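[1] fold the following for me, if possible:
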Amino acid sequence: MLELAILGFLYADALHGYELRKRITALTGHVRPVAESTLYPAIKRLEKAGLLARETQPGAVAAPRHVLTLTPAGKQELQQRLAEPARGDITDENRWFTLLAFLRHLDDAGTQAGVLRRRLAFLEEPASFFYDGERPMSAEELDDPFRRGILTIARATSQAELTWLRETLASLDGRRR
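    Numbers count the residues shown, from 1 in each chain. Now for the predicted structure:
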């Protein structure tokens with residue numbers, strides 16, 4: 001997801017590493033803070049793959065800055081990752097939010113809707129954090145108030161997301177007509 005975030009933030013704006021790190025941290029930092037020791041190797045991998053270009057510019061006060069931009073191949077890679085996300089990108093909430101943050105970069109409403117439909121299908125599957133054998137348990141079945149709290153919060157979050165997904169899909173479908 002780090003690579004997706006790098007590609008997504010560079011899609012519209014050239015950024016230097018520090019600014020890129022700040023934006024990624026703002027998006028995912030509450031869950032997974034981004035260390036320089038993680039970010040810069042990812043940038044180098046993307047650069048080596050021909051997806052990023054680096055330009056050195058004079059610094060305002062101190063040392064020169066390296067400004068990163070997406071290459072045409074980088075834009076194509078981002079489009080592909082957004083249009084055809086892995087199952088884990090759909091099912092893992094943190095990865096989903098990263099994907100969702102850049103879904104606007106897909107130009108085709110039908111492709112955007114296809115990604116949202118995959119998330120909708122996932123959320124409509126019966127699931128829980130706690131099971132009785134193979135059967136998902138509901139909040140009402142739990143005696144533990146803390147586990148009941150987890151399920152109550154998750155249910156409210158899922159309901160809000162389901163509502164948003166259905167409204168957004170209706171809007172996207174309306175644009176395609």
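[2] in stretch 72-86, what's buried?
    Going by neighbour count (16 or more other C-beta atoms under 10 Å), the buried part of stretch 72-86 is 74-75, 77-79, 81-82, 85. (Each C-beta comes from the backbone N, C-alpha and C, glycine too.)
[3] which residue packs closest to the residue nearest to the spatial centre of the chain, ignoring adjacent ones?
    Centrality entry for the chain: nearest residue to the mean C-alpha point is residue 98, 1.3 Å, by C-alpha atoms, centre = their mean. Counting by C-beta to C-beta, 6 or more residues apart in numbering, residue 98 lies nearest to residue 1, which is 4.6 Å off, once chain neighbours are set aside.
[4] do the same with residue 114
    residue 83 (7.7 Å).
[5] I figured the one you found hits residue 107, correct?
    No: if you go by C-beta atoms under 8 Å, residue 83 and residue 107 don't touch, sitting 10.1 Å apart.
[6] what is in contact with those two at once?
    Here residue 83 and residue 107 share no contacting residue, scored by C-beta atoms under 8 Å, 6 or more residues apart in numbering.
[7] and the top helix by length along the chain, what does it pack against?
    Counting by DSSP state H, the longest helix found in the chain is helix 145-176. Packing partners of helix 145-176 (3 or more C-beta pairs under 8 Å, 6 or more residues apart in numbering; DSSP states H and E): helix 109-124.
[8] can you list contacts of the helix it packs on?
    82-83, 85, 90-91, 96, 99, 103-104, 106, 158, 161-162, 165-166, 168-169, 172-173, 175-176.
[9] ok, stretch 18-32 next?
    Residues contacting stretch 18-32 (C-beta under 8 Å, 6+ apart): 1-2, 5-6, 9-10, 15, 33-34, 36, 39, 43, 68, 94, 97-98, 101.
[10] which element is residue 126 on?
    Using DSSP states H and E, residue 126 falls within no helix or strand.
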